[in-house]
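Colleague: For reference, the sequence and a predicted model appear below.
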Amino acid sequence: PDGRAVHRIALTSDRLVVRCLTLGAAIQDLRLEGVEWPLTLGSDDVAAYLGPLAYFGVLVGPVANRVRGGRMHIDGADYQMPLHPWGDFTLHSGPEATQARLWRIEDHAQTHDRACVTLALDLPDGACGLPGTRTIRARYALDRNRLRLTLSAQSDRVTPFNMANHSYWNMDGAARIGGHRLQVHADRVLETDAQILPTGRMVPVAGSHLDLRAETEFAPGPNARFDHTYVLNDAAADGNAPDAPDAPLPRAAVLRGRRGVAMTLRTAEPTLQVFDAVNIDSGPFDGLTGTPYGAHCGVALEAQRHPDAVNVPDFPSILIGPGQTYRQTTEWQFDRE
């Protein structure tokens, strides 16, 4: 709306084509060689990302997920984040968070089978109601059939960081996610209250529709909602990735479509939010398949740290201070049978 340009960056390998936006550092489109349809949900219309597609493919933060009352007590002071219209909580840090801002391109490199781009964003002290002059960097690196996201951030004051990529995935290019199979390597989920805020308890998935320990048909519906934080079995508690840039990451989830395309998600983050897109309606905006998106059009798999961690004493801290660096590494691998 203020006239600034949104740039789209193409990353290509011999297996994948990925397009990213400087708006929200979004994964806007992703194509696998030999597959005629996109594997992620997005739009070619920038206006869509200012409306109903505000959370599609973007990096949400500096604090993803929900914060009770939007309140945080940090380093001896109280802070108030913007509240969501639907309740007494903040969602994804509010309307002026990282997903709504223009990032700058720091570098972009391309060879015949590899590519990378680094996007950066500065948040001033007080942005999103939180302390600290903060600098965030997101590096997308493409290597054959793998896309790796490396996030880092620093602050000059004690402040929270818990970011997440909020892509919606659909391996079939179909209007609904039904028929996919999903596996999440987690024995437990976080218990939540009526506002989908964590109570602090972890409950087993065994015996419920949330049990995705084996590949299971993903069939969300009125009596089988998915908007839950899975506590991953193999991830590091603090989410810190191995130091080596190409070190292997723990496998967190596998999403398999009916048409032979599968995605494997690996991450060093301790939790994975699984959201069934029940309330999606892209209205007048077409998606990448040429029609609008509706309910259950895809599934969001959001690698992150424990939500509302500042307000739940038993959860690992998400605070960093001067001289410290927040890091996240998440990778997606795409294959066709």
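Modeller: Yep, that arrived.
Colleague: could you show me where the strands are in the stretch 201-337 of the chain, in order?
Modeller: 216-217, 227-232, 251-256, 261-267, 271-275, 299-304, 319-320, 326-336 (DSSP state E, counting those that start in this stretch).
Colleague: now those in TSV, with distance to Pro292?
Modeller: For glycine as for every other residue, the C-beta is placed from the backbone atoms N, C-alpha and C. Converted to TSV, those look like this (distance: least, Cβ to Cβ, whole Å):
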stretch	distance to Pro292
strand 216-217	25
strand 227-232	22
strand 251-256	22
strand 261-267	22
strand 271-275	19
strand 299-304	18
strand 319-320	40
strand 326-336	25
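Colleague: Can you say which of those is nearest to Gln99?
Modeller: strand 299-304 (11.9 Å; Cβ to Cβ).
Colleague: Tell me the helices and strands packed up against the closest one.
Modeller: Packing partners of strand 299-304 (3 or more Cβ pairs under 8 Å, 6 or more residues apart in numbering; DSSP states H and E): strand 164-165, strand 168-169, strand 251-256, strand 261-267, strand 271-275, strand 326-336.
Colleague: what is the mean pLDDT for the fourth one?
Modeller: Spelled out, that is strand 261-267. Per-residue pLDDT values over strand 261-267 give a mean of 98.
Colleague: tell me the angle of it relative to strand 251-256?
Modeller: 170 degrees (axes from the mean of the first three to the mean of the last three Cα atoms, to 10 degrees).
Colleague: Okay, and the beta partners of the closest residue to Leu149 other than its chain neighbours?
Modeller: Take Leu149 and drop its neighbours on the chain: the residue closest to it by Cβ to Cβ, 6 or more residues apart in numbering is Thr330, 4.9 Å away. According to DSSP bridges, the partner residues bridging Thr330 are Leu149, Thr267.
Colleague: Pick the most buried one from the helices and strands packed on strand 299-304.
Modeller: Among the helices and strands packed on strand 299-304, judged by mean count of other Cβ atoms under 10 Å, the one packed with the most neighbours on average is strand 164-165 (a mean of 28).
Colleague: on that earlier part again, of the helices and strands packed on strand 299-304, give the one that comes closest to Gln304.
Modeller: The nearest among the helices and strands packed on strand 299-304, by Cβ to Cβ, is strand 164-165 at 4.0 Å.
Colleague: Can you tell me the strand partners of the closest one and which way each runs?
Modeller: strand 59-60 (antiparallel).
Colleague: Give the next helix or strand downstream of the strand it pairs with.
Modeller: Downstream of strand 59-60, the next assigned helix or strand under DSSP states H and E is strand 66-68.
Colleague: Would you mind pulling the contact partners of that next one?
Modeller: For strand 66-68, contacts defined as Cβ atoms under 8 Å, 6 or more residues apart in numbering pick out 81, 84, 88-91, 195-197, 307-308, 310-311.
Colleague: Kindly export the helix or strand following it (C-alpha atoms) in PDB.
Modeller: For strand 66-68, the succeeding helix or strand toward the C-terminus, using DSSP H and E, is strand 71-74. Extracted as PDB, the C-alpha positions of strand 71-74 are listed here (Å, rounded to 0.1, in the frame of the first residue of the first chain):
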ATOM      1  CA  ARG A  71       1.300 -10.400  28.100                       C
ATOM      2  CA  MET A  72       5.000 -11.100  28.800                       C
ATOM      3  CA  HIS A  73       7.100 -10.400  31.900                       C
ATOM      4  CA  ILE A  74      10.700 -10.000  30.600                       C
END
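Colleague: For strand 71-74, name the packing helices and strands.
Modeller: Using 3+ Cβ pairs under 8 Å, 6+ apart, strand 71-74 sits against strand 77-80, strand 159-160.
Colleague: Out of those strands, which gets nearest to Asp335?
Modeller: Comparing the helices and strands packed on strand 71-74 by Cβ to Cβ, strand 159-160 comes nearest, at 35.9 Å.
Colleague: hmm, who's touching the closest one?
Modeller: 62-63, 72, 74, 130-132, 134, 309-310, 318-321.
Colleague: Return the residues in contact with Gly70.
Modeller: Counting by Cβ under 8 Å, 6+ apart, Gly70 has contacts Gln80, Met81, Pro82, Leu83, Asp88, Phe89, Thr90, Gly94, Gly129.
Colleague: Name all residues that make contact with the first one.
Modeller: Remark: with contacts taken as Cβ under 8 Å, 6+ apart, Gln80 is in contact with Gly70, Arg71, Gly129.
Colleague: separation between the closest residue to the second one other than its chain neighbours and Thr133?
Modeller: Think Arg71. Nearest non-adjacent residue to Arg71, counting by Cβ to Cβ, 6+ apart: Gln80, 6.0 Å away. As defined by Cβ to Cβ, to the nearest Å, Gln80 lies at a distance of 19 Å from Thr133.
Colleague: Same question for Asp276.
Modeller: Taking Cβ to Cβ, one finds Asp276 at 37 Å from Thr133.
Colleague: Burial check on Lys105, number of neighbours?
Modeller: Residue 105: Ile, not Lys. 13 (other Cβ atoms under 10 Å).
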